[in-house]
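> dropping the sequence and predicted coords here.
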Amino acid sequence: MVFDTDYNAILSKIDLIDPIDYGKTRNYLNGSVTRLSPYISRGVISTRQVASIILGKGYKPYEIESFLKELAWRDFFQQVWIHLGDDINTDIKNKQEFKHQLMPQKMMSANTGVDAIDNAIEDLYQTGYMHNHARMYVASLTCNLAKSHWYMPAKWMYYHLLDADWASNALSWQWVASAFSSKKYFANQENINKFCNTNQRETILDHSYEELEVLDLSENFSELVDLKWKTNLPEKIEIKVDNNIPTYIYNFYNLDCNWDVEVDANRILLLEPSFFNHYPVCDNTIDFVIRLSKNIKGIQVFVGAFSELLQLVDSSSIHYKEHPTNKHYQGMEHAREWMFENSFGYVPSFFKYWQRAQKVKRNF
């Protein structure tokens, strides 16, 4: 599986979406999923843009509610991150029961004995993608049965994902582990076979749900790894800045090639080592970011701290998009494009978020 990085090719992927079939089959590994998450996470396209294109084909919102809800989940997670800040890294609603904060070696080496899970992990390493249902299976086995705290395994998965979005990733892991939900999520072998087109029996997950809820597989996953990640950034090269025109800053979460394109400006992709020390990603993800940035006309890559950039550019001429990870930026902050025209900010649950969304749905 190769993810195109040409902007027109990405738009073509949106055009091919069948939102009704998506709603019926999205939980199956071979279902009609969109695979747009890497582009939404990198800010190349927005949830609003996708929803508008699909609804523009004549679908009624109620007909494709499942599809629209999945888009809305991404915005909901982002609003939670904005609200919580660094507290997103703690158990938000319930304290997770766990035996350690390390990574099971069997999970990392795709050696759990459950074919669908092992295959999904191998695919993640090769492609940078994992189906959402498979992510839930991995998280459930890791946290609820192998008894790992969610944080390090979530960092491991984020490291390899092209759609690395800490809000979606961290909160999804917490949801599975009941640190951001009222109940732990479990999946048995029968469920996995159904949605992954496998036919395994007698695995560690071949139990009833009642049995899984009291099962402790920590002994099966007793070999643990304390992972240390590193991000390999491009070599730092000198950039040219014209201080007579504004400077637009792009980053890991904003690669929007349509952002104020009518403005004559310096356009700089800022890759801060401090950011990637805190949120490390693999070489494939960095390569993906660089290739996506080529859709931005005149883009230059600056590897260094924002404070270093200020030695070249006056802060009064800088423009950037809001995000929880760039609170230290200076200049003119632009709002991100949300799925709903009148973004209503943080609410404590997706159910309440979607309830509010129903009232503004007409604004698509």
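Sure thing, it's come through. Numbers count the residues shown, from 1 in each chain.

> need the contact partners of stretch 24-41.
Identification of contacts with stretch 24-41 by Cβ atoms under 8 Å, 6 or more residues apart in numbering yields 1, 3, 10, 13-14, 17-18, 21-22, 45-47, 50, 66, 70, 74, 116, 120, 128-129, 131-134, 161-165, 168, 195-197, 253, 288, 292. Bear in mind the C-beta positions are built from the backbone N, C-alpha and C, glycine included.

> what subset of the residues you listed is buried?
When these are checked for burial by 16 or more other Cβ atoms under 10 Å, the buried set is 3, 10, 13-14, 17, 22, 45-47, 50, 70, 74, 116, 120, 128-129, 131, 133-134, 161-165, 168, 195-196, 253, 288, 292.

> can you tell me which of those residues are in helices?
10, 13-14, 22, 47, 50, 70, 74, 116, 120, 133-134, 168, 195-196, 288, 292 (DSSP state H).

> strands along the chain, start to end?
Secondary structure of the chain, counting by DSSP state E: strands at 103-104, 224-225, 247-250, 266-271, 299-303, 318-321, 332-334.

> residue closest to the middle of the chain?
Centroid-nearest residue in the chain: Asp165, 3.1 Å away (criterion: Cα atoms, centre = their mean).

> how about the contacts made by that residue?
Ser37, Ser41, Arg74, Phe77, Tyr253.

> spatially, what comes nearest to the fourth one if we skip its sequence neighbours?
Excluding the flanking residues, the one nearest Phe77 by Cβ to Cβ, 6 or more residues apart in numbering is Ala167, at 4.1 Å.

> the one you found and Asp21: what is the separation?
To Asp21, Ala167 is 28 Å away according to Cβ to Cβ, to the nearest Å.

> next one: Phe302
When distance is defined by Cβ to Cβ, Phe302 is 43 Å away from Asp21.

> which residue of this protein sits farthest from its center?
Distance from the centre of the chain peaks at Asn244, with 36.7 Å (Cα atoms, centre = their mean).

> and that residue, what's its pLDDT?
Here the pLDDT value assigned to Asn244 is 97.

> one more: Glu202?
Note for Glu202: predicted pLDDT of 98.

> and it, how many residues sit next to it?
7 (other Cβ atoms under 10 Å).

> domain ranges for this protein?
What automatic domain parsing lists as the domains of the chain is 7-88+340-363, 90-225, 247-330.

> residue contacts, Asp75?
Asp75 sits next to Thr47, Trp338, Met339, Phe340, Ser343 when contact means Cβ under 8 Å, 6+ apart.

> of all the residues you listed, which comes closest to Leu84?
Ser343 (16.7 Å; Cβ to Cβ).

> how close does the closest residue to Ile237 other than its chain neighbours get to Phe288?
Closest residue in space to Ile237, ignoring its immediate chain neighbours: Val301 at 7.4 Å, by Cβ to Cβ, 6+ apart. To Phe288, Val301 is 14 Å away according to Cβ to Cβ.

> then Pro348?
In terms of Cβ to Cβ, Pro348 sits 33 Å off from Phe288.

> try Ile245
In terms of Cβ to Cβ, Ile245 sits 29 Å off from Phe288.

> low-scoring stretches of the stretch 201-350 of the chain, by residue?
342-343 (pLDDT under 70).

> so Tyr137 sits against Asp115, correct?
No - using Cβ atoms under 8 Å, Tyr137 makes no contact with Asp115, being 11.3 Å away.

> okay, these two: which has more neighbours?
Tyr137 (25 against 17).

> wait, what's in contact with the more buried one?
Contacts of Tyr137 by Cβ under 8 Å, 6+ apart are Val114, Ala116, Ile117, Ala120, Ala187, Ile192.

> surely the first one is in contact with Ile204?
The one in question is Val114. Yes - assessed by Cβ under 8 Å, Val114 is found in contact with Ile204 at 6.9 Å.

> can you add mean neighbour count and distance to Trp259 and give the strands of the chain back as CSV?
Formatted as CSV, the strands of the chain follow (neighbours: other Cβ atoms under 10 Å; distance: least, Cβ to Cβ, whole Å):
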stretch, mean neighbour count, distance to Trp259
strand 103-104, 24, 37
strand 224-225, 17, 40
strand 247-250, 24, 7
strand 266-271, 23, 9
strand 299-303, 19, 11
strand 318-321, 20, 7
strand 332-334, 14, 8
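
> could you export those as a markdown table, including distance to Leu145?
Formatted as a markdown table, the strands of the chain follow (distance: least, Cβ to Cβ, whole Å):
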| stretch | distance to Leu145 |
| --- | --- |
| strand 103-104 | 10 |
| strand 224-225 | 15 |
| strand 247-250 | 41 |
| strand 266-271 | 38 |
| strand 299-303 | 41 |
| strand 318-321 | 40 |
| strand 332-334 | 43 |
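
> circling back to that earlier point, so the residue nearest to Ile237 bridges to which residues?
Leu269 (DSSP bridges).

> where's it relative to Asp260, distance?
Val301 sits 19 Å away from Asp260, going by Cβ to Cβ.

> only C-alpha atoms, please: export stretch 301-319 in CSV.
C-alpha atoms of stretch 301-319 as CSV (Å, rounded to 0.1, in the frame of the first residue of the first chain):
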residue,chain,number,x,y,z
VAL,A,301,12.3,23.4,4.8
PHE,A,302,13.8,24.9,8.0
VAL,A,303,15.1,22.5,10.6
GLY,A,304,15.5,24.3,13.9
ALA,A,305,13.7,26.0,16.7
PHE,A,306,11.1,28.6,16.2
SER,A,307,13.3,31.0,18.1
GLU,A,308,16.1,30.4,15.5
LEU,A,309,13.6,31.3,12.8
LEU,A,310,13.0,34.6,14.5
GLN,A,311,16.6,35.5,13.8
LEU,A,312,15.6,35.5,10.1
VAL,A,313,12.0,36.7,10.2
ASP,A,314,10.3,39.4,12.1
SER,A,315,7.5,38.0,14.2
SER,A,316,5.0,40.7,13.0
SER,A,317,5.2,39.2,9.5
ILE,A,318,4.6,35.6,10.6
HIS,A,319,1.4,33.7,10.0
